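Undergrad: need coordinates for the following:
(one chain, ligands or ions: 2)
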Amino acid sequence: RATIAIAYVYRGTFIHSTEETAVEILADAVLGVDTKGKIAFMGKGKDLDELSQTFRFSSSKVTQLTQHEFFMPGMVDTHIHAPQYSYAGTALNVPLLQWLKTYAFPVESQFSDLEFAHRIYTKVVKRTLRNGTTTACYFATIHTDSSLLLGQIANDFGQRALVGKVCMDRNNCVKHYKETTEDSQEETRRFIAELLNKKYPLVKPVVTPRFALSCTGALLEELGAIAKNNNLHIQSHISENTKEVRLVKEMFPESKSYTDVYHKYNLLTDKTVMAHGCHLSDEELALFRKTGASLSHCPNSNISLCSGMLNVRNVLKHKVKLGLGTDVAGGYSASVLDAVRRAQDMSKILTLQNPEYDVLTFEEAFRLATLGGSQALSLDDQTGNFEVGKDFDALRVNVAAPGGPIDLIQYDGPKIQLEKFLNLGDDRNILEVFVAGRKVVPFTEPTAE
Ligand code: GUN
Ligand code: ZN
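TA: Ligands and ions are numbered 1, 2, ... in the order given. As a prediction, this is how the structure comes out:
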């Protein structure tokens, strides 16, 4: 009579976010994953026998977690530059526009070399997976073939990914790192067609104008049309630094605001994610809300490049969808856990400036890293928490991992375990990573790097 086949079951503590509760703790729960990698059931441990009436699994398929372990949803990095991983942790001594010219563009220009791209992209996918990023929204470079390679590598290692071939047809100041408007449009179409043609189950193309300063109106217009005609995701940067905002106003005098520039070219949709937004007005936030576009909060980058401070509370008040981003390598860390910490630090600095400011709690930061990120990328029908029917994207965390960064003083309850992991944990505490039910960490195929 038990008809639905179950691949495996875990029993123990599960922690996730819902719309109503930032941290919901399910103690002694059981979660079953079906043969397609979806969450088939979530119930109470004591009801396991009853569940086996409906779901087909043997007791050997049930794994019991220890009291220092829990499952949480995989984390979502809503904004990361894969090529910039090659110099992460360096070059943070100048403001944004100078940083782009001096470091980002010259480094990205090297990614015409497919062998080099293969080496760096393999490292970034592996590193982020180990760090618990089950979904990543990547900027690649202007090079179509190496951008396709990033999609292939994410697919091979089993990461859920949005991958963008970067578009930029003006103000690029680096000799071998620019495109004509026609090339940018044509190569974007080729990138999308070839990536879709691969039929990777978890990797999708994302239309990627670098930012308004790098793009002519003609390019932005065509990219808006391409996204619309193919119902694709869109990503870019907005209002990161005040000098950038000023220059955008000069370059697009007909637009009321920076947000209005993207809106005019149909680039704000419910599948758009814009990084930063530190200097957006309430009116601009209202336009985000109206169009369903989301923001990626990248606190490490905003501090490292002295760009600005996003008022997260105000974004949430405007009901704009919000996720966290590492923004490697403007941000120096490739871990969403770091973004969780910096987001709280930044909100505490805002409180120092204004005692009325309502600090972001660790529970809220946890939600931004998981469910919030999935909503920001419009992937919350597939991932973000442990709702039945979603894909099983999850981290098996052991707070007391031997040799790990957290010392066990006493038995801590699950909520304290989560708080310690968020504040002190790292990849040593992440025993296993699952994406769409597949165990992707530890890596199954031994590789040289
Ligand atoms: N704005 C345009 N390009 C970039 C980039 O590569 N990094 C950051 N942080 N901001 C940008
Ligand atoms: Zn960025």
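
Undergrad: didn't P201 look like it was pressed against A436?
TA: Yes. Taking CB atoms under 8 Å as the definition, P201 is a contact partner of A436 at 7.2 Å. In this view, the C-beta of every residue, glycine as well, is placed from N, C-alpha and C.

Undergrad: between these two, who's got more neighbours?
TA: Neighbour count, other CB atoms under 10 Å: between P201 and A436, A436 has more, with 21 against 12.

Undergrad: residues in contact with the more buried one?
TA: G37, K38, G158, R160, P201, L202, D391, F392, D393 (CB atoms under 8 Å, 6 or more residues apart in numbering).

Undergrad: which one of these sits closest to ligand 1?
TA: Proximity of those to ligand 1 (CB to the nearest ligand atom) peaks at R160, which lies at 22.1 Å.

Undergrad: for H16, see how far away that closest one is.
TA: Distance, R160 to H16, using CB to CB, to the nearest Å: 17 Å.

Undergrad: what do you get for E179?
TA: Distance from E179 to H16, by CB to CB: 42 Å.

Undergrad: quick one: which of those two has more around it?
TA: Remark: of E179 and H16, H16 carries more neighbours, 24 against 21, as counted by other CB under 10 Å.

Undergrad: isn't the more buried one up against K390?
TA: No. Contact criterion CB under 8 Å: H16 and K390 do not qualify, at 10.2 Å.

Undergrad: joint contacts of the two?
TA: Counting by CB under 8 Å, 6+ apart, nothing touches both H16 and K390.

Undergrad: now the strands for the stretch 51-200 of the chain?
TA: If DSSP state E, counting those that start in this stretch is used as the criterion, the strands of the stretch 51-200 of the chain fall at 55-56, 62-64, 69-73, 75-81, 133-139, 160-164, 166-167.

Undergrad: how about residues contacting the first one?
TA: Contacts with strand 55-56, where a contact means CB under 8 Å, 6+ apart, come from A2, T3, I4, A5, I6, G32, A40, F41.

Undergrad: quick one, domains of this protein?
TA: The chain is divided into the following domains under automatic domain parsing: 4-73+386-441, 75-376.

Undergrad: hey, which of these is tucked in deepest?
TA: domain 75-376 (a mean of 21; mean count of other CB atoms under 10 Å).

Undergrad: could you give the mean pLDDT of that one?
TA: Averaged across domain 75-376, the pLDDT comes to 97.

Undergrad: biggest strand in this protein, by residue count?
TA: The single longest strand within the chain, with elements called by DSSP state E, is strand 4-16.

Undergrad: among the domains of the chain, which is nearest ligand 2?
TA: Closest to ligand 2 of those, according to CB to the ion: domain 75-376, at 4.5 Å.

Undergrad: shouldn't L310 be within a strand?
TA: No. Counting by DSSP: H, G, I helix; E, B strand; the rest coil, L310 is not part of a strand but coil.

Undergrad: thought A275 was touching it, still the case?
TA: No. Contact criterion CB under 8 Å: L310 and A275 do not qualify, at 10.3 Å.

Undergrad: isn't A136 up against A161?
TA: Yes. Using CB under 8 Å, A136 makes contact with A161 at a distance of 5.1 Å.

Undergrad: list the residues that contact both of those two?
TA: Contacts common to A136 and A161, judged by CB under 8 Å, 6+ apart, are A154.

Undergrad: for Y85, give its distance to ligand 1.
TA: According to CB to the nearest ligand atom, to the nearest Å, Y85 and ligand 1 sit 12 Å apart.

Undergrad: thinking that residue is in contact with I120, fair?
TA: Yes. Shown here, Y85 and I120 form a contact pair, counting by CB under 8 Å, at 6.1 Å.

Undergrad: rewinding a little: packing partners of the longest strand of the chain?
TA: strand 24-34, strand 39-44, helix 48-54, strand 55-56, strand 62-64, strand 69-73, helix 414-424 (3 or more CB pairs under 8 Å, 6 or more residues apart in numbering; DSSP states H and E).

Undergrad: quick revisit: what is in contact with L310 and A275 at once?
TA: L295.

Undergrad: wait, G12 sits on M72?
TA: No. When contacts are counted by CB under 8 Å, G12 is not listed as touching M72 (11.7 Å).

Undergrad: show me what contacts the closest residue to ligand 1 within the chain?
TA: Nearest to ligand 1 in the chain, going by CB to the nearest ligand atom, is G330, at a distance of 3.3 Å. Under the criterion of CB under 8 Å, 6+ apart, the contact list for G330 reads H81, Q84, L92, L96, W99, C298, N300, S301, S304, L305, S307.
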